[in-house]
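# I would like the atomic coordinates for the input below:
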Amino acid sequence: MLKSSLIAKTDAKANDNQIFIGFGLRITYLTPRLIRVEKADSCTDLASYTVWFRNFEGGTFKVSAQGKKVIAETESAIFTIKNSKPYSVYFKDTKNTEIFSKQKNLKGTRRTLDGTFGKVPLGDGFITKNGAYLLDDSDSMLLDEGGHFVPRKDGAVDYYAFAYGKNYRETIRAFYKISSPTPLIPRFALGVWWSRYHAYTQKEYFDLMARFKAEEIPLTVATVDMDWHWVHGIEKKFGVKYGGWTGYSWNTELFPDYKEFFGKLKSDNLHITLNLHPADGVHSYEDMYEQMAKAVGINPKSKEKVDFKCSSDDFWNAYFDILHKPYENDGVDFWWIDWQQGKKSDVKGLDPLNALNHYHYLDNAEDGRMPMILSRYAGFGSHRYPLGFSGDTAINWRVLDFQPYFTANAANAAYGWWSHDIGGHHMGYRDDDLYLRWLQFGVFSPIMRLHSTAIELLGKEPWKYCAEVCRCAKEWLNLRHKMIPYIFTMDYRTHNEGIALCEPMYYSYPENENAYSVPNQYMFGSELMVCPITKPQHKELNMGSVDVWLPKGRWTDIFTNQSYEGEKCITLFRDLDTIPVLAKEGAIIPLSADKGNRTDNPKSLEIWAFSGDGSFTLIEDNGKTDYDEHKALTKFEMKYSGNKLTFTINSADGDLSVLPQKRNYKVIVKDALNNGKPLVFEFNDADVNESHSQTADSVTRLPKENPKEALIRIMSRWQETTAKKAAAYLPFAKSVSKEDIEKKLKISRLPKVVSRAIEEAIS
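This next block holds a predicted model:
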């Protein structure tokens, strides 16, 4: 039998008052907008890989037959079922009929980006333009009471019909209700990771970490790829013919004392993950072979290989208790499961990746730690096992251009925690601009993980790039570390409210067609809208650009402090050292102001605020699995009226033992001045048990750039002959107003990119 920690807690049997049986069907009411439809002769009350929970209160629910059709009616929708399959839904609130078979699916995600060179097809997600989705769960594996994966009956039919219209977040929440919420991500995972496929020696790794520290680049996760174990020369050393992809014994030639290695990394506030390729089992040369062999009933003297077996309880128990748990006790925080060996196992229909993700995640929680793994996506339900490893991509602009869409769009599959090889993995070509643009996107992606292949010339260390790119890269990596308080609060929002950190624009603006036209633009938490630059610089201006849709309201770039008014479509231009990240009016963004690479709840906070009425509740906890009992909430509020702006830090609520007793707060209102000077509030040694407030009485928002000066600024940087530039400027020489410049731009012969940059500068 499986050990108890590997048996998931599910509640998959619905109440009798949720169920109708008749007409050859079993129909289960789950919510007013979600039903389950099964063939009565193949129905099951077991959990599936996708769905774990069905035991809810019933509601108004009627089922009737109309000829060959069955009609299931709830308070909010009428579902039509034909040949055991829902094929239409009538929304009572919108009076429209939507056809499941004619969905315009907005797509979800895919298993991996391994070996990709740009845009690739994605699987379907839960979100459709017509607001109805049919989930076919007929082929997913079941979980029995003992925690085993078991196949369904042949010919089983199991559908879930979602009918939430364009309330896309409610569609995803409904899925989380039946499948389980996205777990909380450990705080340390939200910082900067170092990872590289390279056979480091113990000293090399120490020296590298020391260099990062000397460069003041705050890493939080140290990854060791597969060369931590024996990979090469196994036949010569141990007499076993084997290529070494799978391994569990430390390569003592590279790491003479792995416990010392772990101890040094831990003393530098680093968390540790090791790479795994489990497919080839346990060979006789492994340190743990004798224990493993005995555990699964093999005579160790036979030196017979212990096969990787999904069907064996003894194997799974020993796999964790003998191969992995001792290393976790020594310092490994979580495992990187690098499964690349196909979708078949010794259990009919079971993809080994599903089993590995499921059991590894459960086992990682066994000792009370907040669990996590790094692995590939294995279909609907994979959100329970964060994080996602998107695989090995080529180093080129096409790959970067696809990743923002790929990342945010995964929200449609309820999958919010992708981790990419930032900078690309292999192949491609050297391009410092590409590296920096990729890194900028990485800072505003779920996980910031630098990675590359083993080729010596492909390292992603900032100091391996030109001086200007290195300087910028260090600033961006430091910004990511500072953002942990904000991202961790959004981590809680994902867990509690089912809202992804990176979310397509149409979730917030489902009725606006423009929201569907900007696939690379996304919301990053509650306060920020990110518009990555994913194409090369325009040589005419030495600037990058991105086409953006600005929703209604005031949006301010958190780096340039330039404000824009929506609703409109516009091209935004930026130097290589920045990308457009726009804060909504009244946004409040808490950042850590502590030095170093620690990820504790900070002693000092720097808060970026953007004038307007707004509030933000910072969430912090104890970093353990009982976080709901040991978390503290600090609410920040801002009021802006006329020339008066007030910022309030409310007394913290909850378990204050997780917070420092006193804190320093520096509030920078980035888009405003007070008496012509930067607007900054400082609260030093502020008791977290008390509320604190300050008011500025002579506040004005930053003035817009003079249109003529903006025109001159852009045309000055145009890379062209002086004579040609002088001639092109002549029609504008006497222009002063924005309107006059816009009028002359329409008839000018300026290059399109220069004209559009001027349009943005004067907007």
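# Check the secondary structure at E637 for me.
With DSSP: H, G, I helix; E, B strand; the rest coil as the basis, E637 sits in strand.
# My guess is it contacts S615. True?
Yes - using C-beta atoms under 8 Å, E637 and S615 qualify as a contacting pair, with a distance of 4.7 Å. Every C-beta, even on glycine, is put in place using the N, C-alpha and C of the backbone.
# Neighbour count: the two, which is higher?
Neighbour count, other C-beta atoms under 10 Å: between E637 and S615, E637 has more, with 18 against 13.
# Show me the beta-bridge partners of the more buried one.
Counting by DSSP bridges, E637 forms beta bridges with S615, T648.
# Would you check how far apart it and W608 are?
Here the criterion is C-beta to C-beta, to the nearest Å. By it, E637 lies 15 Å from W608.
# show me where the stretch 201-350 of the chain has helices.
Taking DSSP state H, counting those that start in this stretch as the criterion, the stretch 201-350 of the chain carries its helices at 202-214, 234-238, 258-267, 289-295, 313-318, 325-330.
# rank the ones you listed by pLDDT, which is bottom?
For the helices of the stretch 201-350 of the chain, mean pLDDT drops lowest on helix 234-238, to a mean of 94.
# on that earlier part again, would JSON lines of the helices of the stretch 201-350 of the chain with distance to K662 be doable?
Conversion of these to JSON lines gives the following (distance: least, C-beta to C-beta, whole Å):
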{"stretch": "helix 202-214", "distance to K662": "28"}
{"stretch": "helix 234-238", "distance to K662": "57"}
{"stretch": "helix 258-267", "distance to K662": "27"}
{"stretch": "helix 289-295", "distance to K662": "51"}
{"stretch": "helix 313-318", "distance to K662": "48"}
{"stretch": "helix 325-330", "distance to K662": "36"}
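# Go through these and name the closest to K568.
Distance to K568, taken as C-beta to C-beta, is lowest for helix 202-214 among the helices of the stretch 201-350 of the chain, at 42.4 Å.
# Give me the contacts around that closest one.
Contact partners of helix 202-214, identified using C-beta atoms under 8 Å, 6 or more residues apart in numbering, comprise 194, 200, 219, 222, 224, 254-258, 260-261, 264-265, 268, 270, 461, 463, 597.
# Which among these count as buried?
Among the contacts of helix 202-214, those scoring as buried are 194, 200, 219, 222, 224, 254-255, 258, 261, 264-265, 268, 270, 461, 597 (criterion: 16 or more other C-beta atoms under 10 Å).
# Among those, which one sits closest to H232?
Set against H232, the nearest of the buried ones among the contacts of helix 202-214 by C-beta to C-beta is L254 (10.5 Å).
# That closest one contacts H198, correct?
No - using C-beta under 8 Å, L254 makes no contact with H198, being 10.5 Å away.
# what do those two both touch?
The contact sets of L254 and H198 overlap at D227 (C-beta under 8 Å, 6+ apart).
# and L434, what element?
helix 432-443 (DSSP states H and E).
# what's next to that helix, contact-wise?
395-397, 400, 403-404, 420, 422-424, 448-450, 460, 465-466, 469, 472-473, 476-477, 479-480, 483, 532-534, 536-537, 544, 576-579.
# low-confidence ranges in the chain?
Applying pLDDT under 70 to the chain flags residues 95.
# on that earlier part again, and the two most separated of the buried ones among the contacts of helix 202-214?
By the measure C-beta to C-beta, L254 and N597 form the most distant pair in the buried ones among the contacts of helix 202-214, at 24.6 Å.
# From the buried ones among the contacts of helix 202-214, which land in strands?
Residues of the buried ones among the contacts of helix 202-214 located in strands (DSSP state E): 194, 219, 222, 224.
# gap between the first one and T223?
Remark: distance between W194 and T223 (C-beta to C-beta) = 6 Å.
# List the contacts of the residue lying closest to R449 once chain neighbours are set aside.
Computed as C-beta to C-beta, 6 or more residues apart in numbering, the closest residue to R449 that is not its neighbour in sequence is W193, at 3.9 Å. If a contact means C-beta under 8 Å, 6+ apart, then W193 has 219-223, 419, 447-451 as its contacts.
# same check, this time on T182
T182 makes contacts with 176, 383-384, 386, 414, 416-417, 494-495, 498, as judged by C-beta under 8 Å, 6+ apart.
# 10 Å - rerun?
For T182, the contact set (C-beta atoms under 10 Å, 6 or more residues apart in numbering) comprises 172, 176, 383-386, 414-417, 491, 494-496, 498-501.
# Pretty sure it sits in a strand.
No - under three-state DSSP, T182 sits outside any strand and is assigned coil.
# let's have the chain start at 60 instead
That works, and once the first residue is 60, the last one we named lands at T241.
# For K188, see how far away it is.
T241 sits at a distance of 24 Å from K188 (criterion: C-beta to C-beta).
# Repeat that for K611.
Computed with C-beta to C-beta, the distance linking K611 and K188 is 21 Å.
# Comparing the two, which residue is more hemmed in?
Neighbours per residue (other C-beta under 10 Å) separate K611 from K188, with K188 holding more: 15 against 11.
# Angles on the backbone of that one, please.
Per-residue torsions, K188: phi -60, psi -30 (degrees, to the nearest 10).
# burial count for the residue nearest to it when sequence neighbours are not counted?
Leaving aside its chain neighbours, K188 sits nearest to K163 (3.9 Å; criterion: C-beta to C-beta, 6+ apart). Neighbour count for K163, taken as other C-beta under 10 Å: 10.
# And K163, how close does it get to D183?
Taken as C-beta to C-beta, the span from K163 to D183 is 11 Å.
# now do Y219
Distance, Y219 to D183, by C-beta to C-beta: 13 Å.
# which residues does the spatially closest residue to G713 that is not a sequence neighbour contact?
Nearest non-adjacent residue to G713, counting by C-beta to C-beta, 6+ apart: A691, 4.3 Å away. Contact analysis of A691 by C-beta under 10 Å, 6+ apart lists 660, 677-681, 711-718, 747.
# For the residues you listed, work out which two are farthest apart.
Spanning the widest gap among these are L677 and S716, at 16.1 Å by C-beta to C-beta.
# Of these two, which one has the most company?
Counted by other C-beta under 10 Å, L677 and S716 do not tie: L677 has more neighbours, with 22 against 9.
# host element of the more buried one?
With DSSP H and E as the test, L677 turns up in strand 673-680.
# what packs against that strand?
With contacts taken as 3 or more C-beta pairs under 10 Å, 6 or more residues apart in numbering; DSSP states H and E, strand 673-680 sits against helix 543-556, strand 647-651, strand 663-668, strand 690-700, strand 703-708, strand 712-713.
# Columns distance to S622 on top of the ones you listed, output as CSV?
Shown next, in CSV, are those (distance: least, C-beta to C-beta, whole Å):
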stretch, distance to S622
helix 543-556, 21
strand 647-651, 16
strand 663-668, 14
strand 690-700, 14
strand 703-708, 15
strand 712-713, 33
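# Between these, which one is closest to I137.
Closest among the helices and strands packed on strand 673-680, using C-beta to C-beta: helix 543-556, at 28.9 Å.
# what angle do the closest one and strand 690-700 make?
110 degrees (axes from the mean of the first three to the mean of the last three C-alpha atoms, to 10 degrees).
# Out of the contacts of T241, which end up buried?
The neighbour count (16+ other C-beta under 10 Å) marks 231, 235, 442-445, 473-476, 550, 553-554, 557-560 as buried among the contacts of T241.
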